[in-house]
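**Student:** Following is a predicted model, sequence given first.
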Amino acid sequence: MRSKKSLSSKFVISAIRWYQRTISANRPACCRYYPTCSRYAIEAIARYGTFKGGILALLRLLRCRPWTSCSIDDVPRKYSIFYRCAWSKAHEEPRLTPLAEEDKEN
């Protein structure tokens, strides 16, 4: 992960954490993926910055539909919006177990 976060990344991550503490905490758990969409967005923005991480987070939200199966969907190791497509060089198969966190944040 990046050691220095931009001001925009810090702002977006703090907004997502506010959402987690206030809105999401008062609703029943209903996320179909692991990690949750908000946690995925924080990881993607921390790893790739506001713009690229935001695109990955938006694509994740678009994948989150009631008729999809529950699964593990980690942030890709290499940035690509096509990382789930088999023809992409950045293709990653969905994992059965979550990856160990690379850097633990306090």
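**Tutor:** Sure, I can see it.

**Student:** which ones are touching I45?
**Tutor:** By C-beta atoms under 8 Å, 6 or more residues apart in numbering, the contact set of I45 is S9, V12, I13, I16, G53, G54, A57. For the C-beta atoms, the positions are set from N, CA and C on the backbone; glycine is no exception.

**Student:** hmm, try it at 10 Å
**Tutor:** Going by C-beta atoms under 10 Å, 6 or more residues apart in numbering, I45 touches 2, 5-6, 8-10, 12-13, 16, 51-54, 56-57, 75.

**Student:** Give me the pLDDT value at it.
**Tutor:** At I45, the model reports a pLDDT of 95.

**Student:** Name the secondary structure element that contains it.
**Tutor:** Using DSSP states H and E, I45 maps to helix 37-63.

**Student:** Counting neighbours, what do you get for F51?
**Tutor:** F51: 11 surrounding residues under other C-beta atoms under 10 Å.

**Student:** now it: how far from S71?
**Tutor:** 26 Å (C-beta to C-beta, to the nearest Å).

**Student:** where are the low-confidence patches of the chain?
**Tutor:** Counting by pLDDT under 70, the chain has low-confidence residues at 1-4, 86-106.

**Student:** can we see that at 90?
**Tutor:** Counting by pLDDT under 90, the chain contains low-confidence ranges at 1-6, 24-37, 60-106.

**Student:** Now stretch 74-85: buried residues?
**Tutor:** Residues of stretch 74-85 classed as buried: D74, V75, P76, Y79, S80, Y83, R84 (neighbour count, 16 or more other C-beta atoms under 10 Å).
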